[in-house]
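J.: Give me coordinates for this.
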Amino acid sequence: MRLDDFDFDLPESLIAQHPLPERDASRLLDLTGDSFADRCMRELPSLVHPGDVWVLNDTRVIPARLLGTKKSGGRVELLLLEPAGGPDVWLAWARANKPLRMGERIDIADDFSAEILGREGKQVRLRLFASDVPTAVEAHGHMPLPPYIQRADATADRERYQTVFATQPGAVAAPTAGLHLTEALMQAMRAAGASFAHLTLHVGPGTFQPVQVERIEDHRMHSEAFDIPQTTAALIRDARRQGRRIVAVGTTALRALEAAASGGGIAAGSGRTDIFIYPGYRFRVVDALLTNFHLPRSTLLMLVAAMIGRDRLLAAYAHAMAVGYRFYSYGDAMLVSWHKAEGGV
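T.: Residues are numbered from 1 along each chain as shown. Next up, the predicted model:
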């Protein structure tokens, strides 16, 4: 399969730059039937199958974008990626007018700075200095909005670029399908017969990295850390045994579940995954997926194509564009189901 097989032209006007005032006001394209159905997120309880297990990624986005200056006065932007030895040592991406040198100091605030410890490929290893590093990051960091949101982060993004069930700090990008859910909506889904399970996958910035090979099978995914509790594994094992549906809320939840697939269920515990799901993949755990609309030529688009087929996916995207759905992180969503006959190009 070629990268061009997953391309489409998206008008910039359809890229959502701000969230809607209410989370559950987003539109929902329903692809669980034979045709497209335009719905609202508030109709989600009517799409629940009694006995469904909906799996949520409870990772919490940290304000990982740090803006500072070198001793020379040059500006530096750091994007924290993941801890690399306690709360004060991190791997990060760095942007500066000149390459940063080992030992170079970056001032972020009066009582908050960073020192470059070395370079690891495209990343730098740095040490953060503050009386309390996590508190300093929260106080002085900026929310790491995706690059297609062409504005500075605002105070409101601290709450809106976060799911209502986010409890485990560590992500530098939101699991955006979950942004649409509210406590009231989930309660209505429970009343319709759904139960909810949690896992944690700390979303990294690699989710936005472009595929740079023409033959998609040659692409290598970024690695992300995940944790699946025993209670979640047991709930999924029971549901699979009883023939009940497993619905992943977002591609990150899906990737964690499929990476941990074991027999008829999943293995509990912590790990890392670089699983790459594209058409031809046979899903072992997940039956359906709630997901936002994704970038052209992206691995996330390929993942959804693996579930419903490339042709049907591109037709759905063409419909969504024609009727004005909002795209990407702050945009609308779609609900899709896997049928074995559809999982190809």
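
J.: shaky segments in the chain?
T.: For the chain, the stretches flagged by pLDDT under 70 are 207-208, 263-264, 339-345.

J.: Which residue ranges of the stretch 101-250 of the chain form helices?
T.: Using DSSP state H, counting those that start in this stretch, the helices found in the stretch 101-250 of the chain span residues 133-140, 157-160, 183-191, 230-241.

J.: Of those, which is nearest Pro83?
T.: Nearest to Pro83, of all the helices of the stretch 101-250 of the chain, is helix 133-140, at 9.9 Å by Cβ to Cβ. Every residue, glycine included, has its C-beta placed from N, CA and C.

J.: Using CSV, write down the CA coordinates of the closest one.
T.: The C-alpha coordinates for helix 133-140 follow below in CSV (Å, rounded to 0.1, in the frame of the first residue of the first chain):
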residue,chain,number,x,y,z
VAL,A,133,9.4,20.4,39.5
PRO,A,134,5.9,19.1,38.9
THR,A,135,4.4,22.3,40.5
ALA,A,136,6.7,24.5,38.4
VAL,A,137,5.7,22.7,35.1
GLU,A,138,2.0,23.2,36.0
ALA,A,139,2.6,26.9,36.8
HIS,A,140,4.8,27.9,33.9
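
J.: May I see the buried residues of it?
T.: 133, 136-137, 140 (16 or more other Cβ atoms under 10 Å).

J.: again, but for stretch 186-203
T.: For stretch 186-203, by 16+ other Cβ under 10 Å, it's 186, 188-189, 194, 196-203.

J.: With stretch 102-119 instead?
T.: 104, 106, 108, 112-117.

J.: hang on, the earlier thing: now distance to Leu31 too, for the buried residues of helix 133-140, in a markdown table please.
T.: Below are the buried residues of helix 133-140 laid out as a markdown table (distance: Cβ to Cβ, whole Å):
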| residue | distance to Leu31 |
| --- | --- |
| Val133 | 44 |
| Ala136 | 45 |
| Val137 | 39 |
| His140 | 43 |
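
J.: from those residues, which is closest to Asp30?
T.: Val137 (39.5 Å).

J.: Pull the contacting residues for that closest one.
T.: Counting by Cβ atoms under 8 Å, 6 or more residues apart in numbering, Val137 touches 62-64, 66, 80, 128.

J.: Filter those down to the ones in strands?
T.: Among the contacts of Val137, the members falling in strands (DSSP state E) are 66, 80, 128.

J.: Name the residues linked to the last one by a beta bridge.
T.: According to DSSP bridges, the residues that bridge with Leu128 are Ala114.

J.: next one: the second one
T.: Taking DSSP bridges, one obtains Ala92 as the residues bridged to Leu80.

J.: Wait, a strand at Ser46?
T.: No. Using DSSP: H, G, I helix; E, B strand; the rest coil, the secondary structure at Ser46 is helix, not a strand.

J.: Just confirm it contacts Ala191, I think it does.
T.: No. If you go by Cβ atoms under 8 Å, Ser46 and Ala191 don't touch, sitting 11.3 Å apart.

J.: and Ile275, how far is that from Gln150?
T.: Ile275 sits 31 Å away from Gln150 when distances are taken as Cβ to Cβ, to the nearest Å.

J.: So which of the two has more stuff around it?
T.: Ile275 (17 against 10; other Cβ atoms under 10 Å).

J.: Now do the SS call for the more buried one.
T.: Under three-state DSSP, Ile275 falls in the coil class.

J.: Also the one 10 residues further on?
T.: Classification of Val285 by three-state DSSP places it in coil.

J.: How many residues are close by Ser35?
T.: Ser35 has 7 neighbouring residues, counting by other Cβ under 10 Å.

J.: Doesn't it belong to a strand?
T.: No. Ser35 sits outside any strand when classified using three-state DSSP, being coil.

J.: show me where the stretch 51-200 of the chain has strands.
T.: For the stretch 51-200 of the chain, applying DSSP state E, counting those that start in this stretch gives strands covering 53-57, 59-61, 65-70, 75-83, 89-96, 105-109, 112-120, 123-129, 168-171, 195-201.

J.: will you turn these into TSV that also has distance to Trp338?
T.: Below are those laid out as TSV (distance: least, Cβ to Cβ, whole Å):
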stretch	distance to Trp338
strand 53-57	14
strand 59-61	24
strand 65-70	36
strand 75-83	31
strand 89-96	34
strand 105-109	45
strand 112-120	37
strand 123-129	35
strand 168-171	26
strand 195-201	18
